[in-house]
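In: Have a look at this prediction, sequence included:
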Amino acid sequence: MKRSANGSTPFSGLAMTEAQFPEDVSKIRQLFNADESFRSMCEDLAVAVEALDRVDSLPDHIREVRQDEYRSLVEALVEEIRDAIRLSKVVILKRSTDHDT
């Protein structure tokens, strides 16, 4: 995995989203592979979380403002992803084993 400028290992958008919604991993993977917009939201989430993690290294006079900005962005992206998962039309089809016709 590629390291960021500060030496940490960033999460991928898929891994970050799966960590946020562990009960929906299967649906997340299907959406991530099929929907470019969903994939973009996931990647944006990973970037925002990584930026939030780096805020502690900023000077005191801007740290709190940036923490609030990135925290709000992360919360908005999590909510947007939650809505996309909830509204997705992923359907798992099963074959009928009933041979009685």
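Out: In hand now; what should we look at?
In: going forward, measure contacts and count neighbours with C-alpha atoms only.
Out: OK.
In: Residues contacting stretch 27-37, please?
Out: With CA atoms under 8 Å, 6 or more residues apart in numbering as the test, stretch 27-37 has contacts from Leu14, Thr17, Glu18, Phe38, Arg39, Cys42, Ile85, Ser88, Val90.
In: Kindly recompute the last result at 6 Å.
Out: For stretch 27-37, contacts defined as CA atoms under 6 Å, 6 or more residues apart in numbering pick out Phe38, Arg39.
In: looking only at pLDDT, what's the mean for that stretch?
Out: The average pLDDT for stretch 27-37 rounds to 93.
In: in it, what counts as buried?
Out: Across stretch 27-37, burial judged by 16 or more other CA atoms under 10 Å covers Lys27, Ile28, Leu31, Phe32.
In: which element is the last one on?
Out: It refers to Phe32. Per DSSP states H and E: Phe32 is located in helix 25-34.
In: Now do that helix: distance to the chain's middle.
Out: Using CA atoms, centre = their mean, to the nearest Å, the mean C-alpha position of helix 25-34 is found 11 Å from that of the whole chain.
In: CA atoms only for that helix - export them in CSV, please.
Out: The C-alpha trace of helix 25-34 is given here as CSV (Å, rounded to 0.1, in the frame of the first residue of the first chain):
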residue,chain,number,x,y,z
VAL,A,25,-19.6,-5.1,3.1
SER,A,26,-21.1,-7.2,0.3
LYS,A,27,-23.4,-4.4,-0.9
ILE,A,28,-20.5,-1.9,-0.6
ARG,A,29,-18.3,-4.0,-2.8
GLN,A,30,-21.0,-4.4,-5.4
LEU,A,31,-21.7,-0.7,-5.5
PHE,A,32,-18.0,0.2,-5.5
ASN,A,33,-17.4,-2.0,-8.5
ALA,A,34,-20.5,-0.9,-10.4
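In: and after that helix, which helix or strand comes next?
Out: helix 36-54.
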